[in-house]
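> Give me the fold of what follows.
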Amino acid sequence: MFPSHLSLSIGTLLSQRYRIEELIGEGAIAQVYRATDLLSNRVVAIKILRADLARLDEAIARLRREGEILRSLRHPALVAVESVGEEDGRIYLVMELLRGRTLRERMQRGQMGVHELVPIVTEAASALSLAHSHGVIHRDLKPENIFLLPDHPTQHTRIKILDFGISKVLSAKTLTETGEILGTPRYIAPEQLNAEPIDARVDVYALGVILYEALAARPPFSANTLIDLVVAILDGKVTPLRTFRPDISPELESVVLCAMARKREERFQSVEAMARAFVVASQPLTRQGGYVEHRTYLMGEMGAYSDGPRLLGPSPQGIDLGTFSRVLVKQPITQSREKREEEKNSASATIDPASVATSLPTESIAS
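The predicted structure follows:
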């Protein structure tokens with residue numbers, strides 16, 4: 001339960017308009033309440049700076065900046081902020097009230113299916129792409145900050161990305177001292193731990209770690225202490241994902257591990273490229289006559305994956321999604337299962353953003 005001496009009392013009025021009904025959450029710098037807007041008779045969420053931080057300039061600046069960012073970035077997968085107010089020196093945001101659960105709560109139930117993750121990845125990438133195009137890096141992506149909405153026919157999205165409180169605006173003056181590390185340790189990219197200048201690829205890394213955890217139902221790094229965790233992240237030694245999920249394809253494993261590459265130059269260079277690769281790699285193998293059909297991802301230049309709602313636009317920077325092709329491997333169905341698996345694995349292409357596979361026989365698939 002939250003400390004009562006730091007919480008607003010039920011029935012408190014903010015700006016003579018918002019009546020506090022219930023405390024529903026708390027983060028590092030703010031508390032979130034369910035409230036009633038007496039002017040419109042709507043239920044809203046109020047995110048207000050914690051009382052013990054109300055005089056801390058950096059906390060004030062972060063919450064105010066979060067409000068400004070979310071008001072400027074209009075996207076279905078980002079929480080809508082209606083206004084920014086102040087009560088007794090405490091900054092607060094008036095936001096849409098969300099109903100559902102966090103990705104963390106879902107992950108606690110066990111391994112997630114690949115196709116359960118596809119809409120989460122694509123919608124998160126779409127929202128993050130918009131933020132990145134405006135010079136905003138989230139830098140604290142984690143399962144707790146991805147909110148899953150219940151299915152509803154009128155909804156245009158299934159997720160909301162939360163908490164831009166420690167996001168970095170590339171064009172703005174930093175709110176922290178040089179060398180300070182912000183974020184949740186398990187999802188922090190190596191360059192963040194080294195206090196190096198960062199860019200949008202830290203969000204690619206965090207999304208990769210989230211996918212690994214969701215698929216494996218365990219973190220990618222084994223560590224008993226914070227120091228052990230930091231060393232493991234800096235070393236980049238990850239247990240292969242298929243050790244825990246042998247049912248997923250080598251291509252899908254490659255997508256996740258590519259996103260988590262220790263060197264940012266070896267990762268996908270944008271969240272859109274990563275999402276498209278994940279979608280392509282998630283497609284199941286199909287059999288045609290006496291052949292096994294593989295969907296292989298080849299880096300190159302192509303527009304957005306368009307099988308379904310067009311959530312992702314062309315990449316504004318770096319490497320874009322490559323051509324996805326059909327590779328037909330001659331293989332009689334009568335071969336033994338072990339032999340088929342051996343040939344299938346040898347024919348599967350591993351994703352490598354630094355190179356383009358050119359020797360495979362391909363047949364283009366219209367995007």
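> in stretch 20-33, what counts as buried?
By 16 or more other C-beta atoms under 10 Å, the buried positions in stretch 20-33 come out as 20-21, 23, 26, 29-33. For every residue, glycine as well, the C-beta is placed using N, CA and C.
> Output the contacting helices and strands for the helix or strand hosting Asp228.
Following DSSP states H and E, one finds Asp228 within helix 226-235. Contact analysis of helix 226-235 by 3 or more C-beta pairs under 8 Å, 6 or more residues apart in numbering; DSSP states H and E lists helix 190-193 as its packing neighbours.
> Report the separation between Ala275 and Glu251.
15 Å (C-beta to C-beta, to the nearest Å).
> swap that for Glu22, please
Counting by C-beta to C-beta, the gap from Glu22 to Glu251 is 46 Å.
> swap in Asp57?
49 Å.
> Which one's more surrounded, those two?
Glu251 (22 against 9; other C-beta atoms under 10 Å).
> tell me the secondary structure for that one?
Counting by DSSP: H, G, I helix; E, B strand; the rest coil, the backbone at Glu251 sits in helix.
> Wait, it touches Gln283, no?
No - the pair Glu251 / Gln283 is not scored as a contact, 9.1 Å apart, by C-beta atoms under 8 Å.
> re earlier: go ahead and name everything in contact with the helix holding Asp228.
185-186, 188-190, 193-194, 221-223, 262 (C-beta atoms under 8 Å, 6 or more residues apart in numbering).
> Can you tell me which of the buried residues of stretch 20-33 is nearest Ser72?
The closest of these to Ser72 turns out to be Ala30 (C-beta to C-beta; 19.2 Å).
> Could you double-check that that closest one sits in contact with Ala51?
No - Ala30 lies out of contact with Ala51 (C-beta under 8 Å); the separation is 10.6 Å.
> returning to that earlier point: most neighbours among the contacts of helix 226-235, which one?
Counting by other C-beta under 10 Å, top hit in the contacts of helix 226-235: Ala189 with 26 neighbours.
> For stretch 49-65, measure first residue to last.
Stretch 49-65 has an end-to-end distance of 12 Å (criterion: C-alpha to C-alpha, to the nearest Å).
> Low-confidence ranges, the stretch 251-367 of the chain, go.
284-367 (pLDDT under 70).
> mind running it again at 50?
Counting by pLDDT under 50, the stretch 251-367 of the chain contains low-confidence ranges at 286-337, 339-340, 343-344, 346-367.
> What is the burial count for Pro246?
Count around Pro246 with other C-beta under 10 Å applied: 9.
> repeat for Thr239
14.
> quick one: it and Arg245 touch, right?
No - the pair Thr239 / Arg245 is not scored as a contact, 11.1 Å apart, by C-beta under 8 Å.
> what comes up buried for stretch 41-51?
44-51.
> ugh, typo on my part, it should be stretch 269-285
Burial within stretch 269-285, assessed by neighbour count using 16+ other C-beta under 10 Å, is assigned to 269-283.
> how about it as PDB, C-alpha atoms only?
Output in PDB follows, covering the C-alpha atoms of stretch 269-285 (Å, rounded to 0.1, in the frame of the first residue of the first chain):
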ATOM      1  CA  GLN A 269      19.000   0.600 -36.700                       C
ATOM      2  CA  SER A 270      15.300   1.400 -36.200                       C
ATOM      3  CA  VAL A 271      12.400   0.000 -34.300                       C
ATOM      4  CA  GLU A 272      10.400  -0.200 -37.500                       C
ATOM      5  CA  ALA A 273      13.100  -2.500 -39.100                       C
ATOM      6  CA  MET A 274      13.000  -4.700 -36.000                       C
ATOM      7  CA  ALA A 275       9.200  -4.900 -36.000                       C
ATOM      8  CA  ARG A 276       9.000  -5.800 -39.700                       C
ATOM      9  CA  ALA A 277      11.600  -8.500 -39.300                       C
ATOM     10  CA  PHE A 278       9.700  -9.900 -36.300                       C
ATOM     11  CA  VAL A 279       6.500 -10.000 -38.300                       C
ATOM     12  CA  VAL A 280       8.100 -11.800 -41.200                       C
ATOM     13  CA  ALA A 281      10.000 -14.300 -39.000                       C
ATOM     14  CA  SER A 282       6.800 -15.100 -37.100                       C
ATOM     15  CA  GLN A 283       5.200 -16.500 -40.300                       C
ATOM     16  CA  PRO A 284       5.000 -20.300 -40.100                       C
ATOM     17  CA  LEU A 285       6.800 -22.700 -42.500                       C
END
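> one step back: using JSON lines, lay out the buried residues of stretch 41-51 together with distance to Leu149.
Formatted as JSON lines, those follow (distance: C-beta to C-beta, whole Å):
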{"residue": "Val44", "distance to Leu149": "16"}
{"residue": "Ala45", "distance to Leu149": "14"}
{"residue": "Ile46", "distance to Leu149": "20"}
{"residue": "Lys47", "distance to Leu149": "18"}
{"residue": "Ile48", "distance to Leu149": "23"}
{"residue": "Leu49", "distance to Leu149": "26"}
{"residue": "Arg50", "distance to Leu149": "27"}
{"residue": "Ala51", "distance to Leu149": "31"}
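> between those, which is nearest Glu105?
Out of these, the member with the shortest distance to Glu105 (by C-beta to C-beta) is Ala45, at 17.7 Å.
> And what about that closest one, helix, strand or coil?
strand.
> Hmm, Ala30 and it touching each other?
No - using C-beta under 8 Å as the test, Ala45 is too far from Ala30 to be in contact (11.0 Å).
> rewinding a little: now, which of the buried residues of stretch 269-285 lie within strands?
Using DSSP state E, no member of these falls in strands.
> what's the following helix or strand after the longest helix anywhere in the chain?
Ranked by number of residues, the top helix in the chain under DSSP state H is helix 114-133. Next along the chain after helix 114-133, taking DSSP H and E as the criterion, comes strand 136-137.
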